[in-house]
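Undergrad: predicted model, plus sequence, below.
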Amino acid sequence: MKVYGKCKNCKNEISYRTNANTRVEFAMQDGENKNLNCKSCGTNTNFHVDELYAQPSKMPYLITGFATLVIVIVTLYFIFFSDSKYVIIAFGLPLVIYLILTKQDQTRVSDFNRRKLKGRTHNIVSSKLL
């Protein structure tokens, strides 16, 4: 997933790719503060985990487009060289793939953006020291 922060100098979005699905996971993997470099102005900006936000990715569109292309080719093969009883399934499959991927991505983004860290890392760190 990509998380974004606004550059304090030029107000452009700075992106960072992470495997974390929540802010707590992000803080555990990358730390509570993350230093990101703006590609527009070259300024390094230090972001707290709560200042970052996630946006939906474009991956469902790419996967659906590729699946549609493959299914159209397979469907054309079945139409011209075989029975065409699989045509309905072939055209419905990309829609199902798109809906599933979009729902999963929307769930990840909303989970990340909805929950703030609010000092949970301090509790985790202090309990590990005991």
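TA: Alright, I've got the coordinates. Numbers count the residues shown, from 1 in each chain.

Undergrad: tell me the contacts of the residue most central in space within the chain?
TA: Among the residues of the chain, M1 comes closest to the average C-alpha position under Cα atoms, centre = their mean, at 3.2 Å. M1 makes contact with 17-21, 54, 57, 108-109, 112, according to Cβ atoms under 8 Å, 6 or more residues apart in numbering. Just so you know, the C-beta spots here come from the backbone N, C-alpha and C atoms, and that holds for glycine as well.

Undergrad: now the residues you listed in TSV, with neighbour count, pLDDT and distance to K39?
TA: Shown next, in TSV, are the contacts of M1 (neighbours: other Cβ atoms under 10 Å; pLDDT from 0 to 100; distance: Cβ to Cβ, whole Å):
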residue	neighbour count	pLDDT	distance to K39
R17	8	85	14
T18	16	83	18
N19	9	81	22
A20	18	82	22
N21	15	81	25
A54	22	85	19
S57	16	77	19
R108	17	86	24
V109	19	86	22
F112	22	83	22
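
Undergrad: those in helices, which ones?
TA: Judged by DSSP state H, the contacts of M1 include 108-109, 112 as members of helices.

Undergrad: wait, which of these is closest to N33?
TA: Nearest to N33, judged by Cβ to Cβ, of the ones in helices among the contacts of M1 is F112 at 16.9 Å.

Undergrad: hang on, the earlier thing: distance of the residue nearest to the centre of the chain from V49?
TA: For M1, the distance to V49 equals 14 Å [Cβ to Cβ, to the nearest Å].

Undergrad: what of Q55?
TA: In terms of Cβ to Cβ, Q55 sits 16 Å off from V49.

Undergrad: out of the two, which sits in the busier spot?
TA: More crowded of Q55 and V49, by other Cβ atoms under 10 Å: V49, with 24 against 15.

Undergrad: residues touching that one, list them.
TA: Listed by Cβ under 8 Å, 6+ apart, the contact partners of V49 are 23, 26-27, 32-34, 117.

Undergrad: out of the ones in helices among the contacts of M1, which is nearest to Y61?
TA: V109 (14.8 Å).

Undergrad: first-to-last residue distance for stretch 8-15?
TA: 14 Å (Cα to Cα, to the nearest Å).
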